[in-house]
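S.K.: Model the structure of this input:
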Amino acid sequence: VAAYDISSTYINGTYDTYLLQGSFLPATDDQIFNSRVFVGDTIITAESYHYASARIDAANYGNDNSHTTMILTDEGVGNVAGEGVTVNLTLQNLNTTPAFSLNGIVPFSTAAPAANSLTVSAGLKTANHADVVNGIRFYFASGNIASGYVRLYGLRS
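M.R.: You can find the predicted model right below:
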């Protein structure tokens, strides 16, 4: 598939916070892994996102305060056996202010001999604080998702 969407059937007003765990393997080697959200069942493609990341195993940092996507890996993900990307993310403020945020750990593998891990913080910009998020999309910069799985848990406060 070109993208993996979790729709408003699963992400809705029932919970304001979700735990999302998943794993994705790109069909094409060396692809950056991204995410976007749905507001009113429409994917947001404007420069409404921010993201920041820090590599756990190196001194690599990334950020952008006005971007068209939430970048979840700072390097291309590999597509052979043993490679891919795993996400362990908390999705917060889906129905309330402040604006939606996504935070977590994203381990991923490339053709390099060592695995990589990022701490990631991303979400909608402050100007979008009133947006009610009712879905999320995961996709690679180019090519399809060859395989993977997702587990989504709604958290009660």
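S.K.: Packing partners of the worst-scoring helix or strand of the chain on mean pLDDT?
M.R.: Ranked by mean pLDDT, DSSP states H and E, the helix or strand of the chain with the weakest confidence is strand 61-67, at a mean of 91. With contacts defined as 3 or more Cβ pairs under 8 Å, 6 or more residues apart in numbering; DSSP states H and E, strand 61-67 has these neighbours: strand 49-55. C-beta here means a position set from N, CA and C on the backbone, and glycine is covered the same way.
S.K.: Give me the neighbour count for the closest residue to L155 other than its chain neighbours.
M.R.: Using Cβ to Cβ, 6 or more residues apart in numbering and skipping residues adjacent in sequence, the residue nearest L155 is T17, 4.4 Å away. By other Cβ atoms under 10 Å, 17 other residues sit near T17.
S.K.: Per-residue pLDDT of A2, please?
M.R.: At A2, the model reports a pLDDT of 96.
S.K.: Nearest residue to it in space, please, no chain neighbours.
M.R.: Spatial nearest neighbour of A2, excluding adjacent residues (Cβ to Cβ, 6+ apart): N144 at 5.4 Å.
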